[in-house]
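**Q** Build me a structure from this.
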Amino acid sequence: MKYKISFKRGPHGFLMIELPQEIELFADFIEQIALDEEANKFIDIIDKVKDGMYEDYEVYFNAPTVLIKPDFTTVSNEFLIEPPFEQTIETEEFRKLILIWKEKLPERSINKDGLH
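**A** Numbering: from 1, shown residues only. As a prediction, this is how the structure comes out:
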């Protein structure tokens, strides 16, 4: 993994991913993934883009939108009040972030007492 990431619990006890400032908007997208099936769907889309099945693929997922291209993926959120409104990451690194998040899904909604 090229980028340093960490995890923390948000104010409501949900697991959150902390990303470096230059890619922090990707957390808004990734944290919306709540199920293995969703993570698998996005990995499959990324693989199809990288394999040339799609030239690019745009995913609207709640407020953040990602545009996946073979080499780079861009996230944007037009509902933010202040910039940045858009950031870019290498598509392979985006794929890795989703896989790391997928591994953390069982912990996503465990509260501080260890209960679901």
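**Q** how near is the residue minimising distance to the centre of the chain to Phe85?
**A** The residue lying closest to the centre of the chain (Cα atoms, centre = their mean) is Ile30, at 2.5 Å. When distances are taken as Cβ to Cβ, to the nearest Å, Ile30 and Phe85 turn out to be 17 Å apart. All C-beta spots, glycine's among them, are computed from the backbone N, C-alpha and C.
**Q** Could I get the full set of strands for the protein?
**A** In chain order, the chain shows strands spanning 6-9, 15-18, 57-60, 65-68, 72-76, 86-90, with DSSP state E as the criterion.
**Q** Residue ranges in this structure under the pLDDT threshold?
**A** Counting by pLDDT under 70, the chain contains low-confidence ranges at 110-116.
**Q** Which parts of it are helices?
**A** When secondary structure is read from DSSP state H, the chain shows helices at 25-30, 36-50, 91-104.
**Q** Now the longest one: buried residues?
**A** Just to be clear, that refers to helix 36-50. Neighbour counts over helix 36-50 (16 or more other Cβ atoms under 10 Å) mark Ala39, Phe42, Ile45, Ile46, Val49, Lys50 as buried.
**Q** thinking again about what came up before, and the residue nearest to the residue nearest to the centre of the chain when sequence neighbours are not counted, how many neighbours?
**A** Once its chain neighbours are removed from consideration, Ile30 has its nearest residue in Trp101; the separation is 5.0 Å (Cβ to Cβ, 6 or more residues apart in numbering). Close neighbours of Trp101, defined as other Cβ atoms under 10 Å, add up to 22.
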